[in-house]
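Engineer: My questions concern the predicted model and sequence given below.
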Amino acid sequence: QEFSTFLPVFDKLIDGIRHPVGHTVSKESLQKYSVLHRHFFEFLVHRYKRKDIGLMEFTPAIIQDFELYLTTVALCAYNTVVKKMKTLRTVTIYALKRGYLLQDPFRDLHFHLVPVDRGFLTDEEILRIANKELTIPRLELVRDLFLFSCFTGLAYIDVANLRREHLVTLDGKVWIMTRRKKTSIESNILLLGIPKAIIEKYSSSTTPKDGKLFPILSNQKMNAYLKEIADICGLQKRLTFHLARHTFAIVIPLVIC
């Protein structure tokens, strides 16, 4: 048999994903599998003092131990654990289809996401964020991008990918016309005053070579800085781009109608 242990099979799957990245596979998908690979390796070292596990040893008990590790050691939230288990399930299906695994370690195991109420910001909370004087440039940038998402409903990755050519003027009104990264669905969004002002504010910050509308930080840094902004503004809610999009769906239509 080509493989006798699990992680080389996982490596082969990742190698197969790496080549189409940017074409049929997103960088986010590659990162998802790479992070899971690291988590699983660290789990094996922590739980079994081993750096790999035999394919014949890969039983449902291993899956259950890994779930416990993600919850109690890696301190992942419940839905994060479920997403990681579903990704691992994809890896085991890959191994089963190619004959590397002879038994399904996920047999009789089921993982389901639970609905999460992400909440939304009130118009008063939006104004508190917008009007807060921030003297640190990185926080000012993140605050502006967060507000941009609140007033456009765009996900972080879609904001990061915006370019000047995505702005189209029709009958004197400016629209964002692009495709959502996650769904590839065409999205046409009328630009209101606040997001238009934010675009103008950063119009000289990007170089022609870059072409992006905004200077962008990593998603991890953005969320860390949003936590700082929430503290500075005295908000109890956890600021995320998911919250910004939900705010757009719930509050903004009420504000502009």
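Structural biologist: Nice, thanks for sending it over.

Engineer: Would you indicate which residues of the helix or strand hosting Val91 are buried?
Structural biologist: Assigned by DSSP states H and E, Val91 belongs to helix 78-97. Within helix 78-97, the residues that count as buried by 16 or more other C-beta atoms under 10 Å are 81-85, 87-89, 91-92, 94-95. No exception for glycine: its C-beta is placed from N, CA and C like everyone else's.

Engineer: Looking at those residues, spot the one nearest Leu145.
Structural biologist: Leu145 lies nearest to Lys83 out of those, by C-beta to C-beta, at 24.6 Å.

Engineer: Which of the three states applies to the nearest residue to the closest one once chain neighbours are set aside?
Structural biologist: Nearest residue to Lys83 in three dimensions, chain neighbours excluded: Leu113, at 7.4 Å (C-beta to C-beta, 6 or more residues apart in numbering). In three-state terms, and counting by DSSP: H, G, I helix; E, B strand; the rest coil, Leu113 is coil.

Engineer: Strands of the stretch 51-200 of the chain, start to end?
Structural biologist: Assigned by DSSP state E, counting those that start in this stretch, the strands in the stretch 51-200 of the chain fall at 167-170, 173-179, 186-190.

Engineer: Just tell me which of these ends up closest to Phe66.
Structural biologist: strand 173-179 (35.9 Å).

Engineer: That closest one: how far from the chain's middle?
Structural biologist: Taking C-alpha atoms, centre = their mean, to the nearest Å, the mean C-alpha location of strand 173-179 is offset from the chain mean by 23 Å.

Engineer: and the buried residues of helix 78-97 as a markdown table, adding distance to His39?
Structural biologist: Supplementary listing: the buried residues of helix 78-97 in a markdown table, determined by distance: C-beta to C-beta, whole Å:
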| residue | distance to His39 |
| --- | --- |
| Val81 | 10 |
| Val82 | 14 |
| Lys83 | 12 |
| Lys84 | 7 |
| Met85 | 11 |
| Thr87 | 10 |
| Leu88 | 9 |
| Arg89 | 14 |
| Val91 | 12 |
| Thr92 | 15 |
| Tyr94 | 17 |
| Ala95 | 17 |
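
Engineer: tell me which helix or strand of the protein sits lowest on mean pLDDT?
Structural biologist: Every helix and strand in the chain was compared by mean pLDDT, DSSP states H and E; the lowest is helix 252-256, with a mean of 51.

Engineer: what packs against the helix holding Val91?
Structural biologist: Applying 3 or more C-beta pairs under 8 Å, 6 or more residues apart in numbering; DSSP states H and E, we find helix 78-97 packed against helix 6-18, helix 27-48, helix 60-72.

Engineer: Select, out of these, the one closest to Pro137.
Structural biologist: Of all the helices and strands packed on helix 78-97, helix 27-48 comes closest under C-beta to C-beta, at 26.6 Å.

Engineer: and the gap between Cys150 and Asn161?
Structural biologist: Here Cys150 is placed at a distance of 18 Å from Asn161 (C-beta to C-beta, to the nearest Å).
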